[in-house]
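In: Structure here, sequence nowhere to be found:
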Ligand SMILES: Nc1nc2c(ncn2[C@@H]2O[C@H](COP(=O)(O)OP(=O)(O)O)[C@@H](O)[C@H]2O)c(=O)[nH]1
Ligand SMILES: [Mg+2]
Ligand SMILES: [Zn+2]
């Protein structure tokens, strides 16, 4: 065969660009991040995503990049960085589309970052003694606050004959939250989750340990990526097989974050999320006579009036009020600590200025 000249190069280049596009997209790269960079950035400092946060380093992956770099301050799994290859510590963290955080367990009230840039958060609960409406509502409020789509997944319904009951209870939490029932081990679970797991999407599994989060991640991946372990029969509790949050890219090009079980879930700065989760009650309280009605003893309280005539459930109202006051309390404590820390920083700052003189 005789060649008339060099092969048309543009086609090849186009292929490369397409390929790079698809590979980046399957890591979760989208217009929101593209808008934050200029094309020269992309060549000099390629975008990489944080797959796992270790104590002293970060595992980051991009197109033709799969490395560990030294830790950066205040980053979470799912964050996008513009990787400074010469000096990874000065890599730029791109602005987040969403950030899921909670008040850390224990006495330390510090905020803990759970995951960044999620589109959907699957709240996993099994149809056994793990099922807890108040906890589901907490998760939903936290997820709504972060402007992430919450979806409830009920697992182990294959072990339970009374599924309808669990499913109905979960469906009543909010009409805006989808509820799906799965056998996490079966490949049909993959089809059921498919609408939220398209190319370019980022999803996470949240919930107590032993409910099937790692099993679902494996089912989506189509092969066992992660260890899972049977729960203790006596109390249906899991054994914390998964010890850190990790992002996996599954074949259909969706980023999936498996998380370890959370023992305690406290809300902070979640007022909007709580309002959305209890939208009907929030709307109703607009009709209370007093703006700051505590819905307890005040005259003209619309919430109390509706409880009396049986239109709303007093137990649900109490769960709502508990979340509202817990959120206010935690938000106040964090704000106080934050201003104290800033005051200390200011002092240090002015001290240094003095020294420089
Ligand atoms: N029968 C049944 N077992 C399940 C289901 N989902 C998870 N399991 C089992 O429950 C145990 C704990 O699952 P795992 O994925 O490790 O839970 P995780 O702690 O939430 O990650 C494993 O033995 C799974 O095989 C389910 O839908 N049906
Ligand atoms: Mg697990
Ligand atoms: Zn009221």
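Out: Nice, I can see it. These numbers were taken from a predicted model, which means no experiment stands behind them. Ligands and ions are numbered 1, 2, ... in the order given.
In: residues contacting the spatially most central residue of the chain?
Out: Nearest to the geometric centre of the chain sits residue 100, at 4.5 Å (C-alpha atoms, centre = their mean). Applying C-beta atoms under 8 Å, 6 or more residues apart in numbering to residue 100 gives the contacts 113-116, 118, 121, 142-143, 146, 148, 204. Using the backbone N, CA and C atoms, a C-beta is placed for each residue, glycine as well.
In: Are we agreed that it is in a strand?
Out: Yes. Secondary structure assignment places residue 100 in a strand (DSSP: H, G, I helix; E, B strand; the rest coil).
In: Distance check, it against residue 254.
Out: 17 Å (C-beta to C-beta, to the nearest Å).
In: what do you get for residue 271?
Out: In this view, residue 271 and residue 254 are 31 Å apart by C-beta to C-beta.
In: Note down every partner strand of the particular helix or strand that has residue 66 in it and its orientation.
Out: Using DSSP states H and E, residue 66 sits within strand 65-70. Strand 65-70 pairs in its sheet with strand 57-62 (antiparallel), by DSSP bridges.
In: mind listing what's buried in the partner strand?
Out: 58-62 (16 or more other C-beta atoms under 10 Å).
In: One more: stretch 308-317?
Out: 312, 316-317.
In: Also stretch 40-56?
Out: Buried residues in stretch 40-56 (16+ other C-beta under 10 Å): 45-53.
In: Filter these down to just the ones in strands.
Out: Under the assignment DSSP state E, the buried residues of stretch 40-56 contribute 47-53 to strands.
In: just those now: which is nearest ligand 1?
Out: Set against ligand 1, the nearest of these by C-beta to the nearest ligand atom is residue 52 (15.9 Å).
In: could you list every residue that touches the closest one?
Out: Counted by C-beta under 8 Å, 6+ apart, residue 52 has contacts 58-59, 77, 244-247.
In: try 10 Å
Out: 58-61, 68, 77, 244-248, 257 (C-beta atoms under 10 Å, 6 or more residues apart in numbering).
In: Over to residue 288?
Out: For residue 288, the contacting residues are 294-295, 298-305, by C-beta under 10 Å, 6+ apart.
In: Narrow the residues you listed to those that are buried.
Out: Burial by neighbour count, judged by 16+ other C-beta under 10 Å, picks out 295, 301-304 from the contacts of residue 288.
In: Next step: these restricted to strands.
Out: Assigned to strands by DSSP E, none of those qualify.
In: Closest to residue 328 out of the residues you listed?
Out: residue 295 (14.3 Å; C-beta to C-beta).
In: Distance-wise, check the closest one relative to ligand 3.
Out: According to C-beta to the ion, to the nearest Å, residue 295 and ligand 3 sit 4 Å apart.
In: cool, residue 217 as well?
Out: Taking C-beta to the ion, one finds residue 217 at 43 Å from ligand 3.
In: cool, and residue 101?
Out: Distance, residue 101 to ligand 3, by C-beta to the ion: 30 Å.
In: domain assignment for this protein?
Out: What automatic domain parsing lists as the domains of the chain is 20-93, 99-258, 278-340.
In: Dump these into CSV; add distance to ligand 2 as well.
Out: Output for these, formatted as CSV (distance: least, C-beta to the ion, whole Å):
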stretch, distance to ligand 2
domain 20-93, 14
domain 99-258, 3
domain 278-340, 26
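In: Give me the buried positions along stretch 262-275.
Out: 262, 265-271, 273-275.
In: Out of these, which sit inside strands?
Out: Judged by DSSP E, strands contain none of the buried residues of stretch 262-275.
In: Turn the buried residues of stretch 40-56 into TSV, including pLDDT and distance to residue 128.
Out: Below are these laid out as TSV (pLDDT from 0 to 100; distance: C-beta to C-beta, whole Å):
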residue	pLDDT	distance to residue 128
45	94	48
46	94	46
47	96	42
48	97	40
49	97	35
50	97	34
51	96	32
52	95	30
53	93	31
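In: Give the helix, strand or coil label for residue 134.
Out: With three-state DSSP as the basis, residue 134 sits in helix.
In: what sits against the spatially closest residue to it that is not a sequence neighbour?
Out: Nearest residue to residue 134 in three dimensions, chain neighbours excluded: residue 319, at 5.1 Å (C-beta to C-beta, 6 or more residues apart in numbering). Shown in contact with residue 319 (C-beta under 10 Å, 6+ apart): 133-134, 137-138, 278, 313.
In: residues near residue 176, how many?
Out: As a burial measure, residue 176 scores 12 neighbours (other C-beta atoms under 10 Å).
In: Please apply the same query to the one 4 residues further on.
Out: The local packing count at residue 180 equals 17, with neighbours defined by other C-beta under 10 Å.
In: Now it: which helix or strand?
Out: Element membership of residue 180, judged by DSSP H and E, is strand 178-181.
In: and the next element down the chain from that strand?
Out: Using DSSP H and E, the helix or strand that follows strand 178-181 towards the C-terminus is helix 188-193.
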